[in-house]
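just to be clear, the model below is a prediction. Sequence and coordinates:
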Amino acid sequence: MNYDMNELNKVLKPLTYTSKKFYIFTSVLMVTITWFLYAWYIQLEYGLGVTGMRDYVIYGLYIANFVFLIGVSHAGIAISAGVRLLRVIVLKPIVRMAELLTAVSLVIAFMNVLFDLGRPERVLNMFAYGRWLSVLVWDMTSITTYLVATIIYLYITMREDIALCAKYLLKRSWLYKIASLKYKYDILSRKAHEKAAWWLALVILPIMVSVHTVVSWVFGLMVRPGWYNPFFGPYFVTGAIASGVATIIMVAAVFRKIFQWEFLITPQIFRILSNFLRVVLAIYVYFMICEQVTIRYLGPAREKEISNILFFGDYATLYWFVVIITLVIPFIMLSTYTFIPKFFSIKLIVLAATLINIGLWIKRIIIVIPVLLRPELPYPLGIYIPTWVEFSLIIGGYAIAALIYTIFVKLFPIVELAIIGPHEASENSEPQLRVKKDLPVALAIIGVLALISGMLGMSYVKYPYSYPEVPWAPAAWLLGIITLLSIPLAYVLFFKE
């Protein structure tokens, strides 16, 4: 592949140049993470009593933040699917940023579940004694599948770039040679990786939709006023896509500013993303209107109580702030340049995306907490006031996410190198790929057997509502899913020429 060396050096600048600002930024992150570890130690030592959660409010900031981060994770696959499946090539410079955002968001989202448990080791009970009747098992399955598929997809799409880094960055060539797993830089290898990435994008897309749908069922199947709603699935998915796209707009703007990547991250990228975000935001606002009109017109009394808390009660200020400041006004901001083109501004788009993300984070709090303030029995309304421990763990989680992202950017290209250089003109005769079928077939058999054994194990119980008689059946089920997802990786590692 022939590269414009000037552009290549600019793209590799994060890997080759380190400024004082980098050390200041990482130092701030490390201090924040140290405080985070102290706060988590306090919670582990003294229990969830150091939080604002009590017998009324069993979910607080942790679960609200978990729902938000699961939503942010939708950015990577939504954009990658557009590039790989729909051939929206103009978005290719931000694809890896979005894919990494997905992986990091899922990891931090899982950490928030551990915070909420209080006793993190008890998460193993899900893998040992989970049952098909539990929505949490569905949630664990979808999120684990999504995370593993995303990591494999990310590696397959960046393996060629890792091998190229071994060629151009000699000081760390040993690291890249190990990480590339003996990648052979030729047309056949590129073709195999593109094919595997295309199929993985196709598989991950429905997984992405299922993840936030299942997260909505964690609430919607509890039969509580404010949650028991068949509308919750598409409602959650739409909000997730909006927060994910808004976040990638912010991330792309940061990289464009810091590394002077105006030649890569063009205004057209922001125009496409903002147009898509505007449509998704309109759908989300429409869902909110439908929900409240249905409840307030002739809804059940208990549903109206929850609605009154949002409209006129303790959460009214937050609710109307979300509706007006972070949804309606950003929609107008994103729509203005459609009618008056001279008003197009990347800064305006980034500001709108920031407001939308703030609003959607608060909206998760509004979805989770007010419902729990109203007890099922005739008791007074509950109270929830988050403590410094909760805020510390939430902020620390974002600091960890930023640190992971920063380390990745310092070690690996955050932009696909293929977009700055044309393929070599040696592809006149289309090479044919032949697959070594032994390993993929073996992985398929092992994966299917593990799936079946896990399914049967989770189904076999002696008495209703008792633990399954076969322990660790959910772990076998997940092992089967991971094994099947590893088939594309085996394909690119062991294909024949």
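Right, received. Where do you want to start?

how about the helices in the stretch 301-450 of the chain?
All helices of the stretch 301-450 of the chain, identified by DSSP state H, counting those that start in this stretch, fall at 301-311, 316-320, 329-339, 346-373, 388-411, 438-459.

same check, this time on the stretch 51-200 of the chain
Going by DSSP H, counting those that start in this stretch, the stretch 51-200 of the chain shows helices at 61-72, 74-84, 95-117, 124-129, 135-168, 173-179, 187-220.

out of these, which is closest to I258?
helix 95-117 (12.4 Å; CB to CB). (Each C-beta comes from the backbone N, C-alpha and C, glycine too.)

tilt between the closest one and helix 388-411?
Counting by axes from the mean of the first three to the mean of the last three CA atoms, to 10 degrees, helix 95-117 lies at 150 degrees to helix 388-411.

give me the angle between helix 95-117 and helix 74-84.
Here the directions of helix 95-117 and helix 74-84 differ by 150 degrees (the same axes, to 10 degrees).

chain center to helix 95-117, what's the gap?
Distance of helix 95-117 from the chain centroid (CA atoms, centre = their mean, to the nearest Å) equals 6 Å.

find the nearest non-adjacent residue to Y153, please.
Spatial nearest neighbour of Y153, excluding adjacent residues (CB to CB, 6 or more residues apart in numbering): L200 at 4.7 Å.

I'd assumed S486 was in contact with the one you found.
No. Applying CB atoms under 8 Å, one finds L200 not in contact with S486, separated by 11.0 Å.

out of the helices of the stretch 301-450 of the chain, which one sits most buried?
Among the helices of the stretch 301-450 of the chain, helix 346-373 has the highest mean neighbour count (mean count of other CB atoms under 10 Å), at a mean of 21.

on contacts alone, who are the packing partners of that one?
Under the contact criterion of 3 or more CB pairs under 8 Å, 6 or more residues apart in numbering; DSSP states H and E, helix 346-373 touches helix 61-72, helix 187-220, helix 232-258, helix 267-298, helix 301-311, helix 316-320, helix 329-339.

and among those helices, the most buried is which?
Highest mean neighbour count among these (mean count of other CB under 10 Å): helix 61-72, with a mean of 26.

domain-wise, how is the protein divided?
According to automatic domain parsing, the chain comprises the domains 5-432, 434-497.

columns mean pLDDT on top of those domains, output as a markdown table?
Converted to a markdown table, those look like this (pLDDT from 0 to 100):
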| stretch | mean pLDDT |
| --- | --- |
| domain 5-432 | 88 |
| domain 434-497 | 79 |
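
give me the number of residues near D55?
D55: 7 surrounding residues under other CB atoms under 10 Å.

now do the one 4 residues further on
Taking other CB under 10 Å as the criterion, the count of residues near Y59 is 19.

number the chain from 4, please
Let's use 4 as the start, then, which means that last one is Y62.

V107 against Y401, yeah?
No. With contacts counted by CB under 8 Å, V107 stays clear of Y401, the gap being 10.1 Å.

among the helices of the stretch 304-453 of the chain, which is nearest N128?
Per CB to CB, nearest to N128 of the helices of the stretch 304-453 of the chain: helix 441-462, 13.2 Å.

outside of the closest one, which residues touch it?
133-135, 140, 471-473, 475-487, 489-490, 493-494, 497 (CB atoms under 8 Å, 6 or more residues apart in numbering).

likewise stretch 27-44?
Contacts of stretch 27-44 with the rest of the structure, by CB under 8 Å, 6+ apart, involve 118, 391-392, 395-396, 398-400, 402-403, 405-406, 409.

tell me which residues of that stretch are tucked away?
Of all the residues in stretch 27-44, those buried under the rule 16 or more other CB atoms under 10 Å are 29, 32, 35-36, 38-39, 42-43.

so which of those belong to helices?
Among the buried residues of stretch 27-44, the ones falling in helices (DSSP state H) are 29, 32, 35-36, 38-39, 42-43.

ok, L94 touching A84?
No. Applying CB under 8 Å as the test, L94 and A84 come out as separate, 10.4 Å apart.

neighbour count: the two, which is higher?
Counted by other CB under 10 Å, L94 and A84 do not tie: L94 has more neighbours, with 21 against 17.

give the contact list for that one.
82, 85-86, 272, 275-276.

again, 10 Å this time
Contacts for L94 (CB atoms under 10 Å, 6 or more residues apart in numbering) come out as 82-83, 85-86, 101, 251, 255, 268, 271-272, 275-276, 279.

just flag the most distant two among the residues you listed.
Distances among these were taken as CB to CB; the most separated pair is S83 and Q271, at 18.1 Å.

quick one, phi/psi of Y62?
phi -120, psi 140 (degrees, to the nearest 10).

how close does S176 sit to F118?
40 Å (CB to CB, to the nearest Å).

so between these two, which is more surrounded?
More neighbours surround F118 than the other of S176 and F118, with 26 against 13 (other CB under 10 Å).

pretty sure that one is touching Y62, no?
No. Contact criterion CB atoms under 10 Å: F118 and Y62 do not qualify, at 11.3 Å.

still on that earlier bit, how about TSV for the helices and strands packed on helix 349-376, with distance to G385 added?
Below are those laid out as TSV (distance: least, CB to CB, whole Å):
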stretch	distance to G385
helix 64-75	15
helix 190-223	17
helix 235-261	22
helix 270-301	21
helix 304-314	11
helix 319-323	17
helix 332-342	32
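
what's the closest of the contacts of stretch 27-44 to Y20?
Closest approach between these and Y20, by CB to CB: T409, at 14.0 Å.

the closest one is in contact with Y26, isn't it?
No. The criterion here is CB under 10 Å, and T409 misses it with Y26 at 11.0 Å.

now the spatially most central residue of the chain. Nearest residue, chain neighbours left out?
Nearest to the geometric centre of the chain sits S76, at 1.3 Å (CA atoms, centre = their mean). Counting by CB to CB, 6+ apart, S76 lies nearest to S108, which is 4.0 Å off, once chain neighbours are set aside.
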